[in-house]
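Undergrad: Here is the input, now give the coordinates:
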Amino acid sequence: MYDLCIYGHMTVDHIFDGFQEKTTLGAMANVWNAFIELNTNFKVKLNPISFGEAVIVINRNTSERIGRGNLNITTKPPSIVDARWHHIMYLNQLPDLSFIKNINSGIISADVTAGNMDKIIPYLYKIDYLFISDEDLFMDVHELSKKVNGWVILHYPDGSITTNGKSNIRKTTPIIENLDVLGAGDIFAACFIASRLKSKGTLNSLEASIKYAHENTTKMLLNRKKNEN
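TA: Reported below is the predicted structural model:
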């Protein structure tokens, strides 16, 4: 059995940071790389459903990134594997979500990106943790939490709100200037999942997992900045 199976998008990202261009892997590669940096020793399965390509512009002054692309150049039906945790990337951009109903073991989490959100509503009842950034939020976060099986984790540049509609965990973090935040949401999700797997999902460690995710996301982004210099 795997500790984590990642379903969804694998992308080739053409990144423009000012007038400097670089090409790298994105989406599920960001989650996989974060697990490597955390030295988790977890058994991770990459299970791409879609291969795509994107052009991304980074604005360090505002800690924003803007992208355009085709995330579904080629697609295939996923094969469901046994795992303690299943993470589905860019839920609202996948061409077919019916496979989610066939995941019958472990924890299920998912994240979204900009685009059509209506298609995900019928499947949210299967999602234990839904990650969403403030720029992609399409309804009140507490209303959204009523549609998932567990918790919505709304993250933004200076913190997060984690809610199941009854309980709320708010975390505030400092904004670091001139930082490349590309992939920060993917890294945040990876760090949270790693913490939950370590803690075996005990409820009283949820707030600690949020804190762990923020602290290690910041650490990884700062390390990336340091390596760029």
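Undergrad: alpha carbons only for contacts and neighbour counts from here, please
TA: Will do.
Undergrad: For the protein, which segments are assigned as strands?
TA: For the chain, strands defined by DSSP state E occupy the ranges 2-17, 20-27, 44-59, 64-75, 83-88, 107-111, 129-133, 151-156, 159-163, 168-172.
Undergrad: now the lowest-mean-pLDDT helix or strand in the chain: how far from the chain's centre is it?
TA: Least confident element among the helices and strands of the chain, by mean pLDDT, DSSP states H and E: strand 64-75 (a mean of 85). On the basis of Cα atoms, centre = their mean, to the nearest Å, strand 64-75 is displaced by 15 Å from the centre of the chain it belongs to.
Undergrad: Partner strands of it and their direction?
TA: strand 44-59 (antiparallel) (DSSP bridges).
Undergrad: in the partner strand, what's buried?
TA: For strand 44-59, burial by neighbour count (16 or more other Cα atoms under 10 Å) applies to 44-54, 56-59.
Undergrad: Residue 153 contacts residue 129, doesn't it?
TA: Yes: here residue 153 reaches residue 129: they are 7.0 Å apart, a contact under Cα atoms under 8 Å.
Undergrad: re the thing from before, among the strands of the chain, which comes closest to residue 187?
TA: For residue 187, the closest of those is strand 20-27, at 9.7 Å, according to Cα to Cα.
Undergrad: what angle separates that closest one from strand 44-59?
TA: Counting by axes from the mean of the first three to the mean of the last three Cα atoms, to 10 degrees, strand 20-27 lies at 150 degrees to strand 44-59.
Undergrad: Need the contact partners of strand 20-27.
TA: Identification of contacts with strand 20-27 by Cα atoms under 8 Å, 6 or more residues apart in numbering yields 9, 10, 11, 12, 13, 14, 15, 16, 89, 183, 186.
Undergrad: most neighbours, which of those?
TA: The member of the contacts of strand 20-27 surrounded by the most neighbours (other Cα atoms under 10 Å) is residue 9, with 27 neighbours in all.
Undergrad: Quick check: closest non-adjacent residue to it.
TA: In space, and not counting its chain neighbours, residue 9 is closest to residue 50: 4.8 Å by Cα to Cα, 6 or more residues apart in numbering.
Undergrad: So residue 148 sits against residue 122, correct?
TA: No: the criterion here is Cα under 8 Å, and residue 148 misses it with residue 122 at 9.8 Å.
Undergrad: how near is the spatially most central residue of the chain to residue 220?
TA: Nearest to the mean C-alpha position of the chain, counting by Cα atoms, centre = their mean, stands residue 186 at 3.7 Å. As judged by Cα to Cα, to the nearest Å, residue 186 and residue 220 stand 12 Å apart.
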